[in-house]
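1. I need the structure of the sequence given here:
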Amino acid sequence: MSQSIRAVYKGGQLWLLDPVHLTEGQEIRVVILSEEDRVRAALGDLVVPVSAPAEEDVDEEALAREVEAGFRGQSPLSETILEERREGP
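-> Numbers count the residues shown, from 1 in each chain. So this is what the prediction gives:
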């Protein structure tokens, strides 16, 4: 099971901002992403490869449906941002 948690680096230590579900002595792997890296990774999942030559028309409705399907089941970005601001650093 993977978890994504927020942390702050202060005084040479990482201070966790979110609760973690770990057992005592459990070994884990930590991957540090800057906010920019996190946003790029999230947006990278939404990039739709274009296989049609540039001179052909793009089916914008199909493209919009595909992007919408990628967001289905996720909270709106604005809601996520507000929640992170409420939680604070």
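2. Strands along this protein, start to end?
-> Secondary structure of the chain (DSSP state E): strands at 7-10, 13-16.
3. okay, Glu68: pLDDT?
-> On the pLDDT scale, Glu68 is placed at 81.
4. and the strands of the chain as TSV, adding distance to Ile32 and mean pLDDT?
-> C-betas here are computed from N, CA, C, even on glycine. Formatted as TSV, the strands of the chain follow (distance: least, C-beta to C-beta, whole Å; pLDDT from 0 to 100):
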stretch	distance to Ile32	mean pLDDT
strand 7-10	9	90
strand 13-16	9	92
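5. between these, which gets nearest to Leu82?
-> strand 7-10 (19.6 Å; C-beta to C-beta).
6. So which residues make contact with the closest one?
-> 14-17, 89 (C-beta atoms under 8 Å, 6 or more residues apart in numbering).
7. Of the residues you listed, which is the nearest to Gln26?
-> Among the contacts of strand 7-10, and counting by C-beta to C-beta, the member closest to Gln26 is Leu16, at 14.3 Å.
8. Thanks a lot, catch you later.
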